[in-house]
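K.L.:
pasting the sequence and the predicted model now:
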Amino acid sequence: MALGPDGKPYKTRADVHMARESLAHAFAKRREALILTKGASKGDIQPSLLAELAPNIPVTSLEKTNKLAWILTYLAHRFGPRDKLPSYEGTGQSGIHTMADMGNVALYGDWASGTLAAAQVATRIREHKAQHTIHMGDVYFVGDEDEARENFLGEEVPGSPWQAVAFPRGTQRSFALNGNHEMYARGKGYFRRILPALDQQASFFALQNQHWRIIGLDSGYHSITWPFWELLFRPDCHLPDAAVNWLKDLVTTPRPGDPKEPRGTIILTHHQPFSFYEAGFPRLMEQIGAVLGGPVLWFWGHEHWMSVYAPVERAGLEIHGRCIGHGGMPCEPPGETRDPAYPILLEDHRILDTGAQVVLWPNGYAMLGFDGPDLRIDYRDVEGTLVAHEGWTLKDGKIVMTEAPVADVEGIGPPL
């Protein structure tokens with residue numbers, strides 16, 4: 001039986017045993033079950049029925065296991081103009097927020113899938129009582145308003161057979177980046193539902209203390225072009241002009257009361273600037289490198305696994321790349337393509353024991369612990385187990401690694 005983090009039976013999109021039945025068949029059975037139990041509260045639904053409908057077998061990614069649903073959802077939402085990109089101009093807001101010199105920030109990517117793993121990751125993050133939580137982008141399938149409500153905000157959607165999953169709120173504030181899946185519904189769920197719920201004015205922001213600055217940028221807005229064409233020929237996912245201009249102002253314009261610059265810089269985008277496994281989006285490096293310089297920590301999602309990269313010098317930046325796109329989607333190991341120009345130091349390639357004829361890697365998240373100029377990064381899995389960690393400090397205005405990435409459990413290491 002599939003059990004959620006609260007110990008109750010759990011029904012989610014990805015928990016269907018594909019060896020026994022098709023996802024379409026399972027969906028129909030769940031609809032029928034809900035009709036039969038109409039009027040009963042969720043806790044009154046017979047556990048035996050849910051056990052039949054949702055065996056605890058996570059399978060491959062949602063798009064692949066339910067191609068028809070993915071195509072139909074894409075067709076239903078993709079056509080039409082994008083929502084206008086909001087900015088800070090004329091709002092009286094700067095997009096710059098303060099975090100404590102000593103505190104923690106949770107990062108989790110590709111999480112808003114409504115899966116059991118997503119619910120478990122959210123529970124683990126809540127246990128840390130993180131002051132700030134940041135979703136790195138992607139609400140599935142297409143990030144429409146109902147999916148934003150159900151898979152991110154945790155609101156029950158009438159007529160849906162799926163259990164809603166709520167994002168882990170920070171004790172002080174939470175943020176969300178924009179991803180390509182949000183834009184498949186032209187940004188409507190993200191801009192109309194998620195940002196207002198977070199009291200987040202725009203899809204780019206900064207979170208800073210006296211020593212560190214986290215800069216969240218929007219690589220999702222230009223991740224779409226023409227319907228279907230964009231699925232065959234990838235857009236370059238460049239930053240919107242409004243985000244670039246805001247970044248220039250953030251970096252080059254002193255503000256009253258700001259401590260002396262520069263701070264240590266942490267960049268967040270949904271899309272990867274480069275990758276060992278897939279093609280990267282180098283335009284992002286060019287845009288950011290034209291404004292910033294020197295060493296940066298750069299976290300991204302989009303790829304559904306956890307990878308810690310060796311430093312790479314590109315576009316005037318020394319990039320210490322970290323992929324954490326393993327928040328909620330089933331993590332299928334990548335293909336055989338490799339790019340030795342971007343070596344990986346550590347990755348979590350442990351094989352899950354799912355009981356199904358499918359190979360999956362673990363889900364998880366990253367915790368950033370700030371202590372004045374010092375920073376510790378912990379990478380944890382869906383059980384909360386510490387799988388790897390690293391240490392940094394700020395010295396003479398530059399970030400310096402104090403402890404190289406260390407594997408804390410067996411099975412963590414360079415690519416196989």
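P.N.:
Happy to help now that I have it.
K.L.:
and the closest residue to Pro295 other than its chain neighbours, how far from Gly293?
P.N.:
Nearest non-adjacent residue to Pro295, counting by C-beta to C-beta, 6 or more residues apart in numbering: Glu318, 4.0 Å away. For every residue, glycine as well, the C-beta is placed using N, CA and C. Between Glu318 and Gly293 the computed distance is 9 Å (C-beta to C-beta, to the nearest Å).
K.L.:
Arg169 too?
P.N.:
35 Å.
K.L.:
and the pLDDT for Ala242?
P.N.:
Predicted confidence (pLDDT) at Ala242: the value is 97.
K.L.:
go on, Gln163?
P.N.:
For Gln163, pLDDT reads 78.
K.L.:
which SS state does it fall under?
P.N.:
Assigned by DSSP: H, G, I helix; E, B strand; the rest coil, the conformation of Gln163 is coil.
K.L.:
tell me which residue is most central in the chain.
P.N.:
The structure's the chain has its C-alpha centroid closest to Gly109; by C-alpha atoms, centre = their mean the separation is 1.5 Å.
K.L.:
how many neighbours does the residue nearest to that residue when sequence neighbours are not counted have?
P.N.:
Setting aside the residues directly before and after it, Gly109 is nearest to Gly301 in space (C-beta to C-beta, 6+ apart), at 2.7 Å. Around Gly301 there are 29 other residues, counting by other C-beta atoms under 10 Å.
K.L.:
quick one: residues contacting Gly301.
P.N.:
Gly109, Asp110, Met136, Gly137, Asp138, Leu177, Gly179, His270, Cys323, Ile324, Gly325, Gly327 (C-beta atoms under 8 Å, 6 or more residues apart in numbering).
K.L.:
ok, Lys398 touching Leu297?
P.N.:
No. Between Lys398 and Leu297 there is no contact under C-beta atoms under 8 Å: 11.7 Å.
K.L.:
looking at these two, which one has more neighbours?
P.N.:
Leu297 (22 against 14).
K.L.:
which strand residues bridge the more buried one?
P.N.:
Leu297 forms beta bridges with Ile266, His320, as assigned by DSSP bridges.
K.L.:
can you pull the contacts of it?
P.N.:
Leu297 neighbours (C-beta under 8 Å, 6+ apart): Gly264, Thr265, Ile266, Ile267, His320, Arg322, Trp392, Ile399.
K.L.:
among these, name the buried ones.
P.N.:
Gly264, Thr265, Ile266, Ile267, His320, Arg322, Trp392, Ile399 (16 or more other C-beta atoms under 10 Å).
K.L.:
for the third one, what are its contacts?
P.N.:
The neighbourhood of Ile266, defined by C-beta under 8 Å, 6+ apart, consists of Trp212, Arg213, Ile214, Ile215, Val296, Leu297, Trp298, Phe299, Leu368.
K.L.:
which residue ranges of this protein form helices?
P.N.:
In the chain, the segments counted as helices under DSSP state H are 23-36, 47-53, 62-65, 67-77, 116-127, 145-151, 180-183, 188-189, 195-198, 229-232, 241-252, 282-289.
K.L.:
the first one - what's its average pLDDT?
P.N.:
Predicted confidence along helix 23-36 averages 44 (mean pLDDT).
K.L.:
go on, the shortest one?
P.N.:
When the per-residue pLDDT values of helix 188-189 are averaged, the result is 98.
K.L.:
that helix - contacts with which helices or strands?
P.N.:
If you count contacts as 3 or more C-beta pairs under 8 Å, 6 or more residues apart in numbering; DSSP states H and E, helix 188-189 packs onto helix 145-151.
K.L.:
can you pull out the strands in the stretch 301-416 of the chain?
P.N.:
Using DSSP state E, counting those that start in this stretch, the strands of the stretch 301-416 of the chain run over 306-309, 312-314, 317-324, 344-348, 364-371, 374-381, 386-395, 398-407, 412-413.
K.L.:
what is the neighbour count of Arg193?
P.N.:
Neighbours around Arg193, by other C-beta under 10 Å: 21.
K.L.:
against Thr393, how distant is it?
P.N.:
Counting by C-beta to C-beta - Arg193 and Thr393 are separated by 39 Å.
K.L.:
cool, and Ser174?
P.N.:
For Ser174, the distance to Thr393 - C-beta to C-beta - is 27 Å.
K.L.:
those two: who's more crowded?
P.N.:
Ser174 (21 against 18).
K.L.:
isn't the more buried one right next to Thr133, touching?
P.N.:
Yes. Counting by C-beta under 8 Å, Ser174 touches Thr133, with 4.6 Å between them.
K.L.:
give me the common contacts of the two.
P.N.:
By C-beta under 8 Å, 6+ apart, the residues touching both Ser174 and Thr133 are Phe167, Pro168.
K.L.:
what residue ranges in this structure score low on pLDDT?
P.N.:
1-67, 69, 161, 254-261, 354-358 (pLDDT under 70).
K.L.:
list residues touching both of Lys398 and Leu297?
P.N.:
Gly264.
K.L.:
just how off-centre is stretch 217-228 within its chain?
P.N.:
Distance of stretch 217-228 from its chain centroid, counting by C-alpha atoms, centre = their mean, to the nearest Å, is 16 Å.
K.L.:
so which bits of it are buried?
P.N.:
Leu217, Asp218, Ser219, Gly220, Tyr221, His222, Ser223, Ile224.
K.L.:
which of the residues you listed sits closest to Gln120?
P.N.:
Distances from Gln120 to the buried residues of stretch 217-228, taken as C-beta to C-beta, are shortest for Gly220 (25.2 Å).
K.L.:
report how many residues lie close to the residue lying closest to that closest one once chain neighbours are set aside.
P.N.:
Distance criterion C-beta to C-beta, 6+ apart; nearest residue to Gly220, sequence neighbours excluded, is Asn178 at 3.5 Å. As a burial measure, Asn178 scores 32 neighbours (other C-beta under 10 Å).
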